[in-house]
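# A structural model of the following input is requested.
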Amino acid sequence: MYRWYIPKDQALKRILMEAEHDSHMAGHFGTYKTIGRIRANFYRPKVDEKITDYVYSCDVCQHNKAMQHKIDGLLEPIDVPMRGRTSIYMDIIVRLPKLEWSMTIWVIVNRFSKMAHFIYLKIEDYIKGLDLTFLKDIWHCHRLPEAFSLTEIPS
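Below is the predicted model:
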């Protein structure tokens, strides 16, 4: 099977990609079909990268792209607590740059007042010391909240 070699002429490459992707016969089919149509008759090293860039920058393809995810539902409001100290959010921020004094930050936010506590944890306190740290830093200030919400569980 013989194929035509595409020289390093940018204008010729553009004309070829427009003919194989944008024309009425080509139909804006996408990256893989455009690569297949060009490879069937032409050869150029690393032409796939140029075609992929061209198809991703095609205005018609971007406007008519089908959604790949489930349709979003209606927004549901978050219940707002009626008084302070009844509900908190917790999040643990991990993989911070290594510092002498801390590797992890435990964030605890009161949902009513939006007051936040940032507790720095050393790596050895990370798992086994959370209960004592909670008692020492949160319990004595706010007592036990009625509802907890942990946004991320570290692995």
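
# Could you measure from residue 119 over to residue 84?
19 Å (Cβ to Cβ, to the nearest Å). For every residue, glycine as well, the C-beta is placed using N, CA and C.

# So these two - more neighbours on which side?
residue 119 (19 against 13; other Cβ atoms under 10 Å).

# The one residue sitting closest to the centre of the chain: which element?
In the chain, the centroid-proximal residue (Cα atoms, centre = their mean) is residue 69; its distance is 13.7 Å. If you go by DSSP states H and E, residue 69 is not part of any helix or strand.

# all strands of the chain, in order?
For the chain, the strands defined by DSSP state E occupy 4-5, 42-43, 87-93, 104-110, 116-121, 147-150.

# Output those in TSV, with mean pLDDT and distance to residue 61 appended to each entry.
Output for the strands of the chain, formatted as TSV (pLDDT from 0 to 100; distance: least, Cβ to Cβ, whole Å):
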stretch	mean pLDDT	distance to residue 61
strand 4-5	82	25
strand 42-43	83	21
strand 87-93	82	39
strand 104-110	83	42
strand 116-121	84	44
strand 147-150	60	41
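
# Distance to residue 137 for those strands - can I get that in CSV?
Below are the strands of the chain laid out as CSV (distance: least, Cβ to Cβ, whole Å):
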stretch, distance to residue 137
strand 4-5, 70
strand 42-43, 67
strand 87-93, 12
strand 104-110, 8
strand 116-121, 6
strand 147-150, 15
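
# where does the protein have low pLDDT?
Within the chain, the stretches with pLDDT under 70 are 1, 67, 98-102, 123-127, 142, 144-155.

# could you redo the last one with a cut-off of 50?
Residues of the chain that meet the criterion pLDDT under 50 lie in 152-155.

# Residue 3 and residue 38 touch, don't they?
No. Residue 3 is beyond contact range of residue 38, at 9.5 Å (criterion: Cβ atoms under 8 Å).

# Compare these two and say which is more crowded by neighbours.
More neighbours surround residue 38 than the other of residue 3 and residue 38, with 23 against 12 (other Cβ under 10 Å).

# So the residue lying closest to the more buried one once chain neighbours are set aside versus residue 43, what's the distance?
In space, and not counting its chain neighbours, residue 38 is closest to residue 20: 5.2 Å by Cβ to Cβ, 6 or more residues apart in numbering. Residue 20 is 14 Å from residue 43, where distance means Cβ to Cβ.

# Alright, calling it a day.
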